[in-house]
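S.K.: How does the following fold in three dimensions:
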Amino acid sequence: MGFQYRYNGKSKMDARIIELLRDHAELVPFCPEVECGMEIPRPPMRLETGPRGVRLIVIETGEDVTDQMREWAENRLLQMERLDLAAFVFKSGSPSCGLKCQVFNRQGKELPLDGQGYFSKLVRKKFPEMLICQETDFPEIAEKLRF
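M.R.: Next up, the predicted model:
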């Protein structure tokens, strides 16, 4: 959407998506990491697996921010339930939003697992019938949206 919400304070706007959707739907931008209280810029995070399952970990410090994200997400998903949402378009590769993400062990080694961003996984569980995709799926996915 053009907001500078990324961990490094930059934007990864994809104008194709905005062009394809803006005349057909109200776009509701959000960033789980920012909305749950993380700063911009912020240290990068990744998904790590350990004794407590897959967790959202700040790479630099090892801080586990999973509970912070979960608490915010529970509230935000209840709010989103009241909206007339047609689809979610997530940011690929994001440990919060990616539909396919790398998963690491506690030592930082990438594992051969198909990970899913922490928030996008919660969205899929809450809205199992909803069209959920990521920006890399465009423009092909636009054909599935009935305008």
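
S.K.: low-confidence ranges in the chain?
M.R.: 1-7, 9, 11-13, 139, 142, 144-147 (pLDDT under 70).

S.K.: mind running it again at 50?
M.R.: Residue ranges of the chain with pLDDT under 50: none are present.

S.K.: residues touching the closest residue to residue 98 other than its chain neighbours, list them.
M.R.: Nearest non-adjacent residue to residue 98, counting by Cβ to Cβ, 6 or more residues apart in numbering: residue 117, 4.2 Å away. The way it works is simple: take the backbone N, C-alpha and C, and place the C-beta from them, glycine included. Residue 117 is in contact with 47, 90, 94, 95, 96, 97, 98, 99, 101, counting by Cβ atoms under 8 Å, 6 or more residues apart in numbering.

S.K.: and if you look at residue 134?
M.R.: Applying Cβ under 8 Å, 6+ apart to residue 134 gives the contacts 89, 90, 91, 92, 97, 98, 99.

S.K.: All the strands of this protein, in order from the start?
M.R.: Here the chain has its strands, by DSSP state E, at 45-50, 53-58, 87-90, 101-104, 110-115, 131-134.

S.K.: Reformat the ones you listed as JSON lines; add distance to residue 21.
M.R.: Compiled in JSON lines, the strands of the chain are given as follows (distance: least, Cβ to Cβ, whole Å):
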{"stretch": "strand 45-50", "distance to residue 21": "28"}
{"stretch": "strand 53-58", "distance to residue 21": "28"}
{"stretch": "strand 87-90", "distance to residue 21": "8"}
{"stretch": "strand 101-104", "distance to residue 21": "24"}
{"stretch": "strand 110-115", "distance to residue 21": "27"}
{"stretch": "strand 131-134", "distance to residue 21": "12"}
